[in-house]
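Visitor: take this sequence and fold it.
(2 chains)
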Amino acid sequence: MKALKSKLATQLLADPAASDQLRDFLVNRKPSGARPQQAGAHPFLIRSADGALTVQATVVPKAAKAA
Amino acid sequence: MNVALPTLILFIILLPGFIFRSGLKRAERTSIDFSPFGRVVAEAVLWAALLHMAWLAFSYFLFSLHFEPVVFMNLLSSVPANQASAAQQVGIEFQPIAAYCISLLIASFLIPVAVRSAISRFRLDREGAPLSMVFRFHDAPWYYLLTGADFSKDEQPDLVFISAIVEVAKEAVLYVGILDDFYFDAEGQLDRLILQQVLRRPLSKDKSVDQNGTRLGNERFYPVDGDNFVLRYSEAITLNVQYVKLTAATPVEVDSPRSAAS
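Guide: The predicted structure is shown next:
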C-alpha cells in the first residue's frame, strides 16, 4: 500500500539537494517536547524544471480527534 | 441427479450479501477471515436483505415487476408439487429473474468499492469524526497509521518519516528514512516497509558534544546507497513514526545557467 506522500513531498524528494536538507533537518532536530518543530531560518529550496520553490518543514503531532 | 433446491435458492439469495460484506471491509489480511462465524453470517444476511429490498424496489419502479412471495416460499418448500409449480413459474419469468440475479451480483462487487472510496475521500472514518464508529475500518490499524488517514484534509501531513532500530551483528543500528510503501503478510501483520533517503548509524553513537562543545549532528549518520530500502518489520526492534508537513512559500526566481552565462 502506498504511504502518505504528497505531490510537494515527491517534488522535494526528486531534488537531491532539497532532500539532503530535509534529511539533515529530520535527524538533527532538537529532542524537545516543544511542538511543532520547525526548520530553522533556512527553508529548503526545491529546484525543478518549472522553477524554484521554498518550502518549510514541520514535524506535526499525530492527528487530533475531531470535536 | 437430486439437487437440494431450497439450499441452492438460499445460496443465490444470500451470496450478494457475502460478496458485499467482504468488498466493503478494508482488512489488512488476505488469508481466511477469522471473524466469528455468527458475525459474518449476520452481517452478510443483513446486507443481502438490504440489497434485495433495493433491487426489488428498482424492479418495481423501473420495470413494474412484482415480487411473488408465494412462489418464493414454494421454491423453499419441501413439498415436491409446490416446488414444481414454483419452478415452472420461474421458468416462464426466467429472463427478468436471471437479469435480477446477475445485476445484483455485479452490484454487490461494485457498490462496496464506491462506498469505500467515498468513505476514504470524505474522511468519514477518521478517528473522532461524527460517524467514525460506523465507517471506521477497524481491521486496518496500519492503514490509518501510515497513510495519515486520521488527519483532516487541512492538517494532512506531506510525508511519513520512519526511525527503526534493527539488530545487525549483535549491535543495535538506527535506520531513518522516508516511507514510500508498505506491505502486509497474509495474516494482516506488517511485513515490510520501503524507505527512501535512508541514513543509518549505530545506536551507540547517540547525540553528543565534541571537544569544542559543538553538538555532533548529521556526521553520526551515513547514507545508505540505493533508491528503495526494504526494512522487514519482523527484524525491527522498535519503530517510530513521525509526520512531516511541508509548507510551500512563494516561488523563487532562480537564474538558469544559460541566462547567467549570457
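
Visitor: using the three-state scheme, assign residue B:149.
Guide: Under DSSP: H, G, I helix; E, B strand; the rest coil, residue B:149 falls in the coil class.

Visitor: same deal with residue B:125?
Guide: Secondary structure of residue B:125, per three-state DSSP, is coil.

Visitor: got the contact list for it?
Guide: Shown in contact with residue B:125 (CB atoms under 8 Å, 6 or more residues apart in numbering or on different chains): B:119, B:132, B:135, B:136, B:137, B:149. (Glycine included, C-beta is placed from N, CA and C.)

Visitor: how about those in a markdown table, adding neighbour count?
Guide: Shown next, in a markdown table, are these (neighbours: other CB atoms under 10 Å in any protein chain shown):
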| residue | neighbour count |
| --- | --- |
| B:119 | 22 |
| B:132 | 17 |
| B:135 | 18 |
| B:136 | 19 |
| B:137 | 18 |
| B:149 | 21 |
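
Visitor: just the residues contacting stretch B:189-201, thanks.
Guide: A:13, A:19, A:22-23, A:27, B:28, B:142, B:162, B:164, B:173-185, B:220-224, B:226-234.

Visitor: what does the pLDDT read for residue 60?
Guide: Chain wasn't specified; assuming chain A. pLDDT, residue A:60: 85.

Visitor: switch to chain B, that's the one I care about
Guide: For residue B:60, pLDDT reads 93.

Visitor: then residue B:240?
Guide: 92.

Visitor: one more: residue A:12?
Guide: pLDDT, residue A:12: 87.

Visitor: so it touches residue B:244, yeah?
Guide: No - the criterion here is CB atoms under 8 Å, and residue A:12 misses it with residue B:244 at 9.8 Å.

Visitor: without its sequence neighbours, what residue ends up closest to residue B:140?
Guide: Computed as CB to CB, 6 or more residues apart in numbering or on different chains, the closest residue to residue B:140 that is not its neighbour in sequence is residue B:26, at 4.7 Å.

Visitor: make a ChimeraX selection of the buried ones in the contacts of stretch B:189-201.
Guide: Buried residues within the contacts of stretch B:189-201, by 16 or more other CB atoms under 10 Å in any protein chain shown, are selected in ChimeraX with:
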select /A:13,19,22,23,27 /B:28,142,162,164,173,174,175,176,177,178,179,180,181,182,184,220,221,229,231,233
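
Visitor: helix or strand next in line after the helix or strand bottoming out on mean pLDDT in chain A, which one?
Guide: Using mean pLDDT, DSSP states H and E, strand A:37-38 stands out as the lowest-scoring helix or strand of chain A, at a mean of 51. Per DSSP states H and E, strand A:37-38 leads on to strand A:44-48 as the next helix or strand towards the C-terminus.

Visitor: state the mean pLDDT of that following strand.
Guide: pLDDT averaged over strand A:44-48 gives 79.

Visitor: can you pull the buried residues of the helix or strand where residue B:70 lies?
Guide: If you go by DSSP H and E, residue B:70 is part of helix B:69-76. Buried residues in helix B:69-76, defined by neighbour count with 16+ other CB under 10 Å: B:71, B:74, B:75.
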